[in-house]
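[1] Dropping the sequence and predicted coords here.
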Amino acid sequence: MEPKREVDLLKGIPPRRWVALSFDRSRVVATGGSYGEVVDRAEEAGEHDPVLVMTPPSDGIPVYFA
């Protein structure tokens, strides 16, 4: 099975929300309103090296952090 593309994983997540993806970028492991909150939730979910992204404002460009 081919991993989902990141854009597909972010569908349905509201604008300007932090998202933690699994290290292999195949699934969303946590979402939240702040960077720290998402890091904590990802670690609680067992993902200690997540890929962190912020969903763009509805009229903007996405911001990615690795």
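    Cool, the structure landed.
[2] At which residues are the helices of this protein located?
    6-10, 35-44 (DSSP state H).
[3] Which strands or helices does the first one pack on?
    Contacts of helix 6-10 with other secondary structure elements, assessed using 3 or more Cβ pairs under 8 Å, 6 or more residues apart in numbering; DSSP states H and E, are made with strand 18-21. No exception for glycine: its C-beta is placed from N, CA and C like everyone else's.
[4] list the helices and strands the strand it packs on packs on?
    Here strand 18-21 touches helix 6-10, strand 28-32, helix 35-44, strand 51-54, going by 3+ Cβ pairs under 8 Å, 6+ apart.
[5] Now do the contacts for the residue sitting nearest the centre point of the chain.
    Residue closest to the average C-alpha location in the chain (Cα atoms, centre = their mean): V19, at 2.4 Å. Residues counted as contacts of V19 (Cβ atoms under 8 Å, 6 or more residues apart in numbering) are L9, L10, I13, V28, A30, T31, V38, L52, V53, M54, T55.
[6] Is it possible to get TSV of the helices and strands packed on strand 18-21 that adds mean neighbour count and mean pLDDT?
    Output for the helices and strands packed on strand 18-21, formatted as TSV (neighbours: other Cβ atoms under 10 Å; pLDDT from 0 to 100):
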stretch	mean neighbour count	mean pLDDT
helix 6-10	14	84
strand 28-32	19	97
helix 35-44	16	97
strand 51-54	19	94
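[7] re the thing from before, switch the contacts of V19 over to a markdown table; also include distance to E44.
    What follows is these, written out as a markdown table (distance: Cβ to Cβ, whole Å):
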| residue | distance to E44 |
| --- | --- |
| L9 | 19 |
| L10 | 21 |
| I13 | 19 |
| V28 | 14 |
| A30 | 8 |
| T31 | 13 |
| V38 | 11 |
| L52 | 15 |
| V53 | 19 |
| M54 | 20 |
| T55 | 21 |
